[in-house]
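S.K.: missing the sequence, but the structure's below:
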């Protein structure tokens, strides 16, 4: 009963370093999402994938890339990390039907120094 | 563009008091869905309730109740007899259709509720 699993849970990067945040879901959901959460800002959509093989930009895509590796996995890559990317990142999935709630991973707390 | 406003940034109540969290939304869609999520100090996001735009019936679940009023574009959440375990950040969210059948959630900025023993 894993749901949505994110790795790592915590990460500290130096400015300019790159890293990939991993996300996997075992609920056979079509759609997957990456959000970032900043203090006082709620959650904002970075990228989403409506189905395997497709990805699209959300509200705040700059500085990020994504890959929908298969139906289960959706990764988020920071090519050259910046302090402005310090945030908590959440992966989510849902079955791509109107009105269904999104299921969220536990989050990744990323600090860029 | 859709918008969700949670005007209350932080609320503190004494245990056993009732508390209402406000949510006002904007959308041009005639069919839409509203959600409440809870984020306890541990950080995970917990789904609480979903309501569609055609169902204005208020709902009660234990100590939780929700008041959806389409006329005022509000979807407020009340906790009765609050407990320390209710301390969390609460998010209101609105479902928005994206391309290719995906639906994203537009979140409010959240209300931090502190229940003092």
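M.R.: Cool, got the structure. All of these numbers come straight from a predicted model, not from anything done at the bench. Residues are numbered from 1 along each chain as shown, chains lettered A, B, ... in the order given.
S.K.: got the end-to-end distance for stretch B:36-53?
M.R.: Counting by C-alpha to C-alpha, to the nearest Å, you get 14 Å between the two ends of stretch B:36-53.
S.K.: list the buried residues in that stretch.
M.R.: For stretch B:36-53, burial by neighbour count (16 or more other C-beta atoms under 10 Å in any protein chain shown) applies to B:36, B:37, B:38, B:39, B:45, B:48, B:49, B:50, B:51, B:53. Just so you know, the C-beta spots here come from the backbone N, C-alpha and C atoms, and that holds for glycine as well.
S.K.: touching chain A at all, that stretch?
M.R.: Yes: taking C-beta under 8 Å from any C-beta of the partner chain as the criterion, stretch B:36-53 and chain A are in contact, through B:43, B:44, B:45, B:47, B:50, B:52.
S.K.: contacts only, for residue A:40.
M.R.: Applying C-beta atoms under 8 Å, 6 or more residues apart in numbering or on different chains, we find residue A:40 in contact with B:9, B:109.
S.K.: am I right that it is in a strand?
M.R.: No: per DSSP: H, G, I helix; E, B strand; the rest coil, residue A:40 lies outside any strand segment and is coil.
S.K.: all strands for chain B, in order.
M.R.: Under the criterion DSSP state E, chain B contains strands at B:3-5, B:10-14, B:19-21, B:24-26, B:33-39, B:46-52, B:59-61, B:64-69, B:74-79, B:88-97, B:103-107, B:111-116.
S.K.: chain A now?
M.R.: So, for chain A - with DSSP E - the strands run A:4-7, A:10-13, A:19-25, A:31-38, A:42-49, A:56-57, A:64-68, A:74-78, A:87-94, A:103-104, A:108-112.
S.K.: what's the neighbour count on residue 70?
M.R.: All of this is about chain A. Here the number of neighbours of residue A:70 (other C-beta atoms under 10 Å in any protein chain shown) works out to 10.
S.K.: not quite, go with chain B.
M.R.: Applying other C-beta under 10 Å, I find that residue B:70 has 11 neighbouring residues.
S.K.: residue B:69 too?
M.R.: For residue B:69, using other C-beta under 10 Å, the count is 12.
S.K.: tell me how many other residues surround the residue lying closest to it once chain neighbours are set aside.
M.R.: Once flanking residues are discounted, residue B:69 sits nearest to residue B:56: 7.0 Å by C-beta to C-beta, 6 or more residues apart in numbering or on different chains. When neighbours are counted by other C-beta under 10 Å, residue B:56 registers 12.
S.K.: what's the distance between residue B:56 and residue B:16?
M.R.: Using C-beta to C-beta, to the nearest Å, one gets 30 Å for the distance from residue B:56 to residue B:16.
S.K.: shaky segments in the chain?
M.R.: If you meant another chain, say so; for now it's chain A. The model of chain A has pLDDT under 70 over residues A:1, A:96-98.
S.K.: the chain in question should be chain B.
M.R.: Counting by pLDDT under 70, chain B contains low-confidence ranges at B:98-101.
S.K.: returning to that earlier point: enumerate every residue touching the residue nearest to residue B:69.
M.R.: Applying C-beta under 8 Å, 6+ apart, the residues near residue B:56 are B:68, B:69, B:70.
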